[in-house]
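In: give me the fold of what follows.
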Amino acid sequence: MDGETKFGTKGELGFAKISGKNRFNINGNVTTKDWDINDVGFSTRTNFGNYNAWYGYRILQPTKTFNNMYLNFNLNYYHRLEPFIFQNLIFNNNNSFTDKNFRVFGGGIEFTPFAQNDIYEPRTFGRHLKVPKYFDSWIWFESDSRKKLQLNFTFDYYAYDEKGRNQVLTNFGLRYRFSDKFNVNWSFNPSFSNNETGFAGKNSTDIFIGRRQRNTYENALTSKYTFNEKMALTLTFRHYFSDVTYKQFYALNQDGSLTETNAFNKNLNGTYNAWNVDLRFSWWFAPGSQLTLLYRNATSNYLEFSRLNVKKNYDMLFNEPTVNNISLKLTYFLDYNRVKSWTKKKG
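Out: Got it, this is the predicted structure:
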């Protein structure tokens, strides 16, 4: 690489049983800090060891109660190689069931028995931020997809071992199929992170961490009309909103803990909006080959304050200039064997 030789190591070793009702996988992955392939690819994460053990149980034939069932258990261990530091140990169980009415539902749990050492959030090599252990539980449901009206939802709740700290992730969706050719989908994804901690800034001597409230909402309405097996028209309206409000700033200690400080008092509160309307026509004119015509109307803004009401937020967003784009994309699949035969015929 540029006349320089570098030596790094990347290795992975695993063993698995991939058939039958009972399945498992044991796997390890190690990458040293000198592993650098950026002359022939792109790599950002090095200097780590990841180890995973997984067990799964599934029914292979329908029973009186279920059409299918999947039970999975995972154990993951992460650490930095040099200098060694424990990062995280995570246990996870997730389950999925399909009943005789083709309703799909499931849930699971995840927990960390020890606090996590986050080596990335301080954005400085050799430093880490302690994140308290958590217990996560979730449920989800999807109604029968064969029916005209389908609904789905997910509710995911993280409870941290720290007073007032939690995270809520949700998803709601509806789909209505007017005909075999035309359907409409609506999805709404709100999430709330209360009293989370994250990087705020740094100077020559200190790294500052902020305690904050972060709310995100994503709303999308998509309609699709399929003319035939080769042509389709899709119209999508999407709004993404995220705001963050800081409550307290801390100085990061060498052991990853935090100490309250008044040395950092920047206003980092903010609100980000993105709105776009996409009208897309797709034509699959040959196997693996596609012509796409796209019209996009988009706008966005970033405000240095948070906690706007809905009306004022939309008013400020749509006062921003909009960008209109029209693009045409052609993807054509070339079969090497056919190209070779064309060359022979010409010869």
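
In: run a quick neighbour tally on residue 252.
Out: When counting by other Cβ atoms under 10 Å, one arrives at 25 neighbours for residue 252. All C-beta spots, glycine's among them, are computed from the backbone N, C-alpha and C.

In: ok, the nearest residue to it once chain neighbours are set aside - contacts?
Out: When the adjacent residues along the chain are set aside, residue 252 lies closest to residue 207, with 4.2 Å between them (Cβ to Cβ, 6 or more residues apart in numbering). Residue 207 makes contact with 122-124, 127, 199, 251-252, according to Cβ atoms under 8 Å, 6 or more residues apart in numbering.

In: for residue 207, give its distance to residue 123.
Out: Distance check for residue 207 against residue 123: by Cβ to Cβ, to the nearest Å, it reads 8 Å.

In: which regions of the protein sit below the pLDDT cut-off?
Out: Counting by pLDDT under 70, the chain has low-confidence residues at 1, 340, 342-347.

In: residue ranges of the helices in it, please?
Out: Counting by DSSP state H, one finds helices in the chain at the ranges 310-317, 336-346.

In: could I get the CA-only coordinates of stretch 44-60 as CSV?
Out: Taking Å, rounded to 0.1, in the frame of the first residue of the first chain, the C-alpha atoms of stretch 44-60 are listed here in CSV:
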residue,chain,number,x,y,z
THR,A,44,-13.5,0.9,9.9
ARG,A,45,-13.6,-1.6,12.8
THR,A,46,-10.4,-3.3,14.0
ASN,A,47,-8.8,-4.4,17.2
PHE,A,48,-11.7,-6.5,18.6
GLY,A,49,-12.7,-10.0,19.5
ASN,A,50,-16.4,-11.2,19.2
TYR,A,51,-17.6,-14.6,20.3
ASN,A,52,-21.1,-16.0,19.9
ALA,A,53,-23.0,-19.1,21.0
TRP,A,54,-26.5,-19.8,19.6
TYR,A,55,-29.1,-22.5,20.1
GLY,A,56,-32.3,-22.7,18.1
TYR,A,57,-35.4,-25.0,18.2
ARG,A,58,-38.0,-25.1,15.4
ILE,A,59,-40.9,-27.3,14.4
LEU,A,60,-40.5,-28.6,10.9
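
In: quickly list what the residue nearest to residue 252 is bridged to.
Out: Applying DSSP bridges to residue 207 yields these beta-bridge partners: residue 202.

In: ok, the contacts of residue 207 vs residue 306, which is closest?
Out: residue 199 (17.7 Å; Cβ to Cβ).

In: number of nearby residues for the closest one?
Out: If you count neighbours by other Cβ under 10 Å, residue 199 ends up with 17.

In: next one: residue 196
Out: Applying other Cβ under 10 Å, we find 19 other residues in the vicinity of residue 196.

In: could you do residue 48 as well?
Out: The number of residues packed around residue 48, counting by other Cβ under 10 Å, is 18.

In: ok, it touching residue 80?
Out: Yes - distance between residue 48 and residue 80: 5.9 Å, which falls inside the contact criterion (Cβ atoms under 8 Å).

In: so what sits against both of those two?
Out: Each of residue 87 lies in contact with both residue 48 and residue 80 under the rule Cβ under 8 Å, 6+ apart.

In: near residue 249, how many other residues are there?
Out: 21.

In: contacting residues around it?
Out: By Cβ under 8 Å, 6+ apart, residue 249 lies in contact with 200, 208-211, 260-261, 264-265.

In: same thing but 7 Å
Out: Contact analysis of residue 249 by Cβ atoms under 7 Å, 6 or more residues apart in numbering lists 200, 208, 210, 261, 264-265.

In: how close does the residue nearest to it when sequence neighbours are not counted get to residue 197?
Out: Take residue 249 and drop its neighbours on the chain: the residue closest to it by Cβ to Cβ, 6+ apart is residue 264, 4.6 Å away. Distance of residue 264 to residue 197, given as Cβ to Cβ: 14 Å.

In: those two: which is more packed in?
Out: Set side by side, residue 264 and residue 197 give different neighbour counts by other Cβ under 10 Å, the larger being at residue 197 (21 against 18).

In: wait, isn't that one in contact with residue 214?
Out: No - with the criterion set as Cβ atoms under 7 Å, residue 197 and residue 214 do not qualify as a contacting pair; they are 10.9 Å apart.

In: quick one: contacts for residue 66?
Out: The neighbourhood of residue 66, defined by Cβ under 7 Å, 6+ apart, consists of 59, 97-99.

In: mind listing the strands for the stretch 51-200 of the chain?
Out: Secondary structure of the stretch 51-200 of the chain (DSSP state E, counting those that start in this stretch): strands at 66-80, 85-99, 104-111, 116-118, 129-131, 134-142, 149-160, 166-177, 182-202.
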